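Enquirer: Quick one, fold the following:
(2 chains)
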Amino acid sequence: MLRLVSLTKTYKTGDRALSEVSFEVPAGQVVGLIGPSGAGKSTLIRCVNRLVEPTGGQIFLGDTEITGLARGELRVLRRRIGMIFQEYALVERLTVMENVLSGRLGYVPFWRSFMRRFPEADVATAFALLERVGLSDHADKRADALSGGQRQRVGIARALEQNPELLLVDEPTASLDPKTSRQIMRLIKEICEERNLAAIINIHDVVLAQGFTDRIIGLRAGRVVFDGAPSRLDDSVLTEIYGEEDWAQMRRAEQEDEEDARAEMRRREMMAEAR
Amino acid sequence: MTSAANTASLPRRHWKRPPLLIKSPLLRWIIYGGALVYLVLAVGTVEVNWSRVYEGLERGWRFIQGFLVPDFTSRWRDISVGLVESLTMTVTSTVVGILISVPIGIGAARNLAPAWIYLVCRAIIAVSRSFQEVIIAILLVAMFGFGPFAGFLTLSFATIGFLSKLLAEDIEDIDETQAEAIRATGAGWWQLVNYAIQPQVMPRLIGLSLYRLDINFRESAVIGIVGAGGIGATLNTSIDRYEYDSAGAIMLIIIGIVMVSEYSSSHIRKWVQ
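Expert: This next block holds a predicted model:
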């Protein structure tokens, strides 16, 4: 469904962010893209919807060659690709509903979006999506009144409002606590299954990536150094991607985090019962 | 190399902030010292005619006395006509100025406009900012005759330079990720401006507009002196007639209006945040 053919990006400064990256993502597959900071993960997903212009290679979404599109065609293509951001990237002074409806901007004429008179079907979809991500009571709140986890849910709803074929997800959990991170990753995974959506998720957290993706691609210095099932991601592969480190300790720490979160939940439940 | 090795091994107890602007100590002393010498010499060349200052003190005192016993009544008709003229001039020129400034400001923001539009808009801003209101007023009074129309044009023109520049800078300072997110949905340029830029810059635009309204009122008093109508013309007339009590009344009214707009604008700015 998505096909990258020797994708290359060299920045004007001469830094080579991506060199000859090729892979294919079938419909419905959730791909975790891991790698150290500066490995080119962010550049890679931004090349897919051309927020960053690639300098070499080709990208295909279905039969469309993204890399060759003119500006107007690119707009139409971007409707097919939903994007979810690290710091949520909601427009803070707009309401939750306006943020979700902004997913339809590529479909409606300017006057409709300017007057906030979106077609009824779009509004209905938006309400259904807010319901799905558990925010139906918050439609008229301003986006900056929400917590981090809630904002990311709005971000997910906005991406889905586009009715996309592909999700690009850039560090969705980097500003969230461990428990909310797992909830957000679970939500993304479930939604991809429900809609047979393909997704590329940039993620720092190796354990989360293993838990919630179907396939892992490891980048190092702009090159693919690993591509396979999450279960194949062992210590030697991690060392290849990130360099030398005590990986067993990372897994232990992650487990402790999770146990802490579970203990916290149990404690809250007990307190709620006591009341 | 040896000193670096030493500092690594020995605990350092002394630390000085590295010089901020000029690294070389000699150059630093030359530049700062030169500036100081120039300042002293320049102040020395200012001629003060002390006997004239002494004479002027009395006139100044009469002026202050006029302030202390302001006369609102005997010239009230002139004052009220001047005030209405000034306020009309202020409001219309601010509104027209804002309407023209917004597109120019957007065009002068490097992250939104293509290079040639950017250059054209920046040039307009530079022209508008390079002339002081009084100079423009003198020119426009010569072109369109005495009265508030010249004042209205002057203030509109000055507003464009001020608002467009600050708006453009605010647009350049926005959170780019919000714009990126809107772009990623397939939004067009107008939708990008409406959904990603406008919500971010609106509070500042409103604040700046109120501030400019305030400035325009004050400037309307100044440009009236060169013939552009309004309260400035009334003020000028009363000073020419040595009616310092009426002049005092006019200045008190100006101060009052500026204070009211100051308080209300800070209130409105908080409210639109």
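
Enquirer: Check the spacing between the residue of the stretch 1-150 of chain B found nearest chain A and B:Ile171 real quick.
Expert: Nearest to chain A, among the residues of the stretch 1-150 of chain B, is B:Pro114, at 12.0 Å (C-beta to the nearest C-beta). In this view, the C-beta of every residue, glycine as well, is placed from N, C-alpha and C. Counting by C-beta to C-beta, to the nearest Å, the separation of B:Pro114 from B:Ile171 is 15 Å.

Enquirer: what are the phi and psi values for the single nearest residue of the stretch 151-273 of chain B relative to chain A?
Expert: In the stretch 151-273 of chain B, the residue found nearest to chain A is B:Gly186; the distance is 2.5 Å by C-beta to the nearest C-beta. Main-chain torsions, B:Gly186, degrees, to the nearest 10: phi 90, psi 20.

Enquirer: I figured it hits A:Glu73, correct?
Expert: No: taking contacts as C-beta atoms under 8 Å, B:Gly186 lies outside contact range of A:Glu73: 10.6 Å.

Enquirer: With neighbour numbers in mind, choose between the two.
Expert: In this view B:Gly186 and A:Glu73 are compared by other C-beta atoms under 10 Å in any protein chain shown, and B:Gly186 has more residues nearby, 22 against 12.

Enquirer: So which bits of chain A are right by chain B?
Expert: A:49, A:51, A:75-79, A:81, A:83, A:85, A:87, A:89-94, A:98, A:102-107, A:110, A:113-114, A:155, A:158, A:162, A:168 (C-beta under 8 Å from any C-beta of the partner chain).

Enquirer: Among those, which are located in strands?
Expert: Counting by DSSP state E, the part of these found in strands is A:Ile81, A:Met83, A:Leu168.

Enquirer: mind listing what the first one touches?
Expert: To tie it back to what came earlier, the one meant is A:Ile81. Residues in contact with A:Ile81 (C-beta atoms under 8 Å, 6 or more residues apart in numbering or on different chains) are A:Val48, A:Asn49, A:Leu61, A:Gln162, A:Pro164, A:Glu165, A:Leu166, A:Leu167, A:Leu168, B:Ala184.

Enquirer: 6 Å instead, please
Expert: Taking C-beta atoms under 6 Å, 6 or more residues apart in numbering or on different chains, we find A:Ile81 in contact with A:Asn49, A:Pro164, A:Leu166.

Enquirer: With the last one instead?
Expert: With contacts defined as C-beta under 6 Å, 6+ apart, A:Leu168 is in contact with A:Ile45, A:Val48, A:Met83, A:Ile200.

Enquirer: Name the residue in B:Pro114 and B:Ile171 with the higher neighbour count.
Expert: Higher neighbour count among B:Pro114 and B:Ile171: B:Ile171, with 24 against 9, using other C-beta under 10 Å.

Enquirer: How about that one: what's its closest non-neighbour residue?
Expert: In this structure, B:Ile171 finds its nearest non-sequential neighbour in B:Ala109, 3.7 Å apart by C-beta to C-beta, 6 or more residues apart in numbering or on different chains.

Enquirer: looking at this, that neighbour is in a helix?
Expert: No: with DSSP: H, G, I helix; E, B strand; the rest coil as the criterion, B:Ala109 is located in coil rather than a helix.

Enquirer: C-alpha coordinates for stretch B:265-273, PDB please?
Expert: Coordinates of the C-alpha atoms in stretch B:265-273 are reproduced here as PDB (Å, rounded to 0.1, in the frame of the first residue of the first chain):
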ATOM      1  CA  SER B 265      -7.200  48.200  26.500                       C
ATOM      2  CA  SER B 266      -5.300  46.300  29.200                       C
ATOM      3  CA  HIS B 267      -8.700  45.000  30.300                       C
ATOM      4  CA  ILE B 268      -9.700  43.900  26.800                       C
ATOM      5  CA  ARG B 269      -6.300  42.300  26.200                       C
ATOM      6  CA  LYS B 270      -6.700  40.100  29.300                       C
ATOM      7  CA  TRP B 271     -10.100  39.100  28.200                       C
ATOM      8  CA  VAL B 272      -9.200  38.000  24.600                       C
ATOM      9  CA  GLN B 273      -6.200  35.800  25.800                       C
END
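
Enquirer: And the contacts of it?
Expert: B:Pro203, B:Ile206, B:Gly207, B:Leu210.

Enquirer: hmm, try it at 10 Å
Expert: Stretch B:265-273 has contacts (C-beta atoms under 10 Å, 6 or more residues apart in numbering or on different chains) with A:93, B:202-211, B:213-214.

Enquirer: Those in helices, which ones?
Expert: B:Met202, B:Pro203, B:Arg204, B:Leu205, B:Ile206, B:Gly207, B:Leu208, B:Ser209, B:Leu210, B:Tyr211, B:Leu213, B:Asp214 (DSSP state H).

Enquirer: for chain A, what helix or strand is lowest in average pLDDT?
Expert: Every helix and strand of chain A was ranked by mean pLDDT, DSSP states H and E. The lowest is helix A:247-274, at a mean of 76.

Enquirer: on that earlier part again, now a PyMOL select for only the buried ones of the ones in helices among the contacts of stretch B:265-273.
Expert: To isolate the buried ones among the ones in helices among the contacts of stretch B:265-273 in PyMOL, judged by 16 or more other C-beta atoms under 10 Å in any protein chain shown, type:
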select buried, chain B and resi 203+204+205+206+207+208+209+210+211+213+214
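
Enquirer: ok, and of the ones in helices among the contacts of stretch B:265-273, which contact chain A?
Expert: Applying C-beta under 10 Å from any C-beta of the partner chain to those, one finds that B:Met202, B:Pro203 fall near chain A.

Enquirer: how close does A:Val169 get to chain B?
Expert: Between A:Val169 and chain B the computed distance is 12 Å (C-beta to the nearest C-beta, to the nearest Å).

Enquirer: ok, what's across the strand from that residue?
Expert: As for beta bridges, A:Val169 partners with A:Ile84, A:Ile201 under DSSP bridges.

Enquirer: Low-confidence ranges, chain A, go.
Expert: Counting by pLDDT under 70, the ranges of chain A that qualify are A:275.

Enquirer: Could you break it into its assigned domains?
Expert: If you go by automatic domain parsing, the domain ranges for chain A are A:2-242, A:245-275.

Enquirer: Helices of chain A, start to end?
Expert: Assigned helices in chain A, in chain order: A:41-48, A:71-78, A:96-101, A:110-115, A:120-132, A:148-161, A:178-195, A:206-212, A:235-242, A:247-274 (criterion: DSSP H).

Enquirer: closest one to B:Leu153 among these?
Expert: Nearest of the helices of chain A to B:Leu153, taken as C-beta to C-beta: helix A:110-115 at 31.2 Å.

Enquirer: and the closest one, how far out from the chain's middle?
Expert: Offset of helix A:110-115 from its chain centre (C-alpha atoms, centre = their mean, to the nearest Å): 28 Å.

Enquirer: which ones are touching the residue of chain A found nearest chain B?
Expert: Residue of chain A nearest chain B, by C-beta to the nearest C-beta: A:Gly106 (2.5 Å). Applying C-beta under 10 Å, 6+ apart, we find A:Gly106 in contact with A:75-80, A:113, A:162, B:183-188, B:191.

Enquirer: so which of those comes closest to A:Leu238?
Expert: Within these, distances to A:Leu238 taken as C-beta to C-beta reach their minimum at B:Ala184, with 30.9 Å.

Enquirer: and the gap between that closest one and A:Gln86?
Expert: 13 Å.

Enquirer: circling back to that earlier point, please report the distance of the nearest residue to the residue of the stretch 151-273 of chain B closest to chain A once chain neighbours are set aside from B:Gly188.
Expert: Setting aside the residues directly before and after it, B:Gly186 is nearest to A:Gly106 in space (C-beta to C-beta, 6+ apart), at 2.5 Å. From A:Gly106 across to B:Gly188, the span is 8 Å (C-beta to C-beta).
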